[in-house]
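[1] Here is the input, now give the coordinates:
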Amino acid sequence: MSAASGAAPPPQLRWALLAGNFAIGCGVMVVAGSLNDLVHSLKISVPLGGQLIAVAAVMMALGAPLLAAAMGGWDRRQLLVLALAWYAVGHALAAAAPDFATLLPLRALSVLGAAVFTPQAAAALSVMTAPAERGRAITFIFLGWSLSSVIGMPLHSYIGETLGWRWAFALVALLSLGAAGWVWRTMPAGIKPPPLSLADWRHTLTHPLLMGMVGVTVLSAAGQFTLFSYFAPYYRQVLGAEAAGVSALFMWFGAFGLIGNLLLSRWIDRIGAAHCVTLMIGSIAVSLLLWPLAGTVATMALVITPWALGCFSSNSAQQARLGAAAPALAAALMALNTSAMYLGQAIGAAGGGALVAASGFAHLHWAALGWLLLAITLSAWLARRMRGAAHV
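    Numbering: from 1, shown residues only. This is a model prediction of the structure:
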């Protein structure tokens, strides 16, 4: 089956790709969820532990477009299964790492599987789905990320606080192997999105509006991960939350993240992806404005609700926005947007770690809010410019 065949994807394929994104999301967030035990077990500081997030994000940011270009001609069934298998092996080895110096490069290499899977799953589904259903299909498989926050993040936190961070990493390895088997069974062979030429990449990378959209992802991710990377130690050290309270807050966040993505799936084709992006990022900014009011686990649950609603749905809307803006360049744009998301994570985690090292947790939310306001401004400006653009 070629990309041009136009055949509808098998019904179970969307669920398999959702499961793959669930495993990927669990792996991306496993450090943040189990950070308390990880830094205690390895006898390192919280800012140094947070650099595991930053280093992994840099690798994913660089890997997504480079691997997309290098593997553009691969059969997507083989590519997606290989990415999940690589991810599984990497997390299994990381779970056995004896020290931080060993864990860091293992973490950096294993996340290359995430750099491949998420954008290429979206690109493959995009070429298999009719244009009228494309936005809903892409946002559906990104529900896997929301589910990883609902289930995986609190589970990582609980496992990290009770059994230890190594078991949390081992769980990611098992989930990735299971998803790899499911994708292998449901993904048709021969799916190959149209290969992108150097001219296509040049057009993508030099188009101001398309790259502006990618820039929104960088700014939004940087803002969120300035604070999100340090949720676990913040809850423990500032709120005084015990293991159950930390896990409950992660579960609450994930549950509303899932609700946000479900609502997005229902409304995105009606109100437009661009408007959805701006609204969802604005919802996150509301939480950051209210952050100083959260002094207990209960008030924190209320404060993070708008953030949770916009967290995963904003990136799902970004993917749909880019796919609609230039369908022929979907493979490049999905890879670049994934790269942008992880670049923003690296900037946010590193900057947040520096702030924690210098002055504790007090200023994290203000720094995060600054990034988000820039993202909102850019997103709204791009929406106005795209309405007047003849084509991209």
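
[2] Walking through the stretch 101-250 of the chain, point out its helices one by one.
    Taking DSSP state H, counting those that start in this stretch as the test, the helices found in the stretch 101-250 of the chain are 112-128, 131-141, 143-147, 153-162, 165-186, 198-206, 208-228, 231-237, 243-271.

[3] Can you flag the weakest of those by average pLDDT?
    Sorting the helices of the stretch 101-250 of the chain by mean pLDDT places helix 131-141 lowest, at a mean of 74.

[4] How about residues contacting that one?
    9, 14, 17-18, 20-21, 121-122, 125-126, 129, 261, 264-265, 268-269, 273, 313, 316-317, 319-320, 323-324, 327 (Cβ atoms under 8 Å, 6 or more residues apart in numbering). No exception for glycine: its C-beta is placed from N, CA and C like everyone else's.

[5] same thing but 6 Å
    14, 17-18, 21, 122, 125-126, 129, 264-265, 268-269, 316, 319-320 (Cβ atoms under 6 Å, 6 or more residues apart in numbering).

[6] average pLDDT for the helix or strand containing residue 30?
    Element membership for residue 30 (DSSP states H and E) is helix 11-33. The average pLDDT within helix 11-33 is 90.

[7] Please compute how far it lies from its chain's middle.
    Distance, stretch centre to chain centre, for helix 11-33: 10 Å (Cα atoms, centre = their mean, to the nearest Å).

[8] Which other helices and strands does that helix contact?
    If you count contacts as 3 or more Cβ pairs under 6 Å, 6 or more residues apart in numbering; DSSP states H and E, helix 11-33 packs onto helix 112-128, helix 131-141, helix 143-147, helix 153-162, helix 165-186.

[9] what would the ones you listed look like in CSV with mean neighbour count and distance to residue 85?
    Listed next are the helices and strands packed on helix 11-33 as CSV, based on neighbours: other Cβ atoms under 10 Å; distance: least, Cβ to Cβ, whole Å:
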stretch, mean neighbour count, distance to residue 85
helix 112-128, 27, 8
helix 131-141, 20, 19
helix 143-147, 26, 17
helix 153-162, 24, 21
helix 165-186, 21, 5
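
[10] would you list those in TSV and tack on distance to residue 238?
    Converted to TSV, those look like this (distance: least, Cβ to Cβ, whole Å):
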stretch	distance to residue 238
helix 112-128	30
helix 131-141	34
helix 143-147	26
helix 153-162	16
helix 165-186	21
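
[11] Can you tell me which of those is nearest to residue 95?
    Closest approach to residue 95 among the helices and strands packed on helix 11-33 (Cβ to Cβ): helix 165-186, 3.9 Å.

[12] if we look at that closest one, which residues are touching it?
    Helix 165-186 is contacted by residues 10, 12-13, 16, 19-20, 23, 26-27, 30, 34, 37-38, 80-81, 84-85, 87-88, 91-92, 94-95, 156, 159-160 when judged by Cβ under 6 Å, 6+ apart.

[13] Separate out the buried members of those.
    Among those, those buried by neighbour count (16 or more other Cβ atoms under 10 Å) are 13, 16, 19-20, 23, 26-27, 30, 34, 37-38, 80-81, 84-85, 87-88, 91-92, 94-95, 156, 159-160.

[14] of all the contacts of helix 131-141, which two lie farthest apart?
    Maximum pairwise distance among the contacts of helix 131-141 (Cβ to Cβ): 20.4 Å, between 21 and 269.

[15] Among those two, which residue is more densely surrounded?
    Taking neighbours as other Cβ atoms under 10 Å, residue 21 and residue 269 compare with residue 21 leading, 25 against 17.

[16] Just list the residues touching that one, thanks.
    Counted by Cβ under 6 Å, 6+ apart, residue 21 has contacts 141, 144, 145.

[17] Sweet, I'm off.
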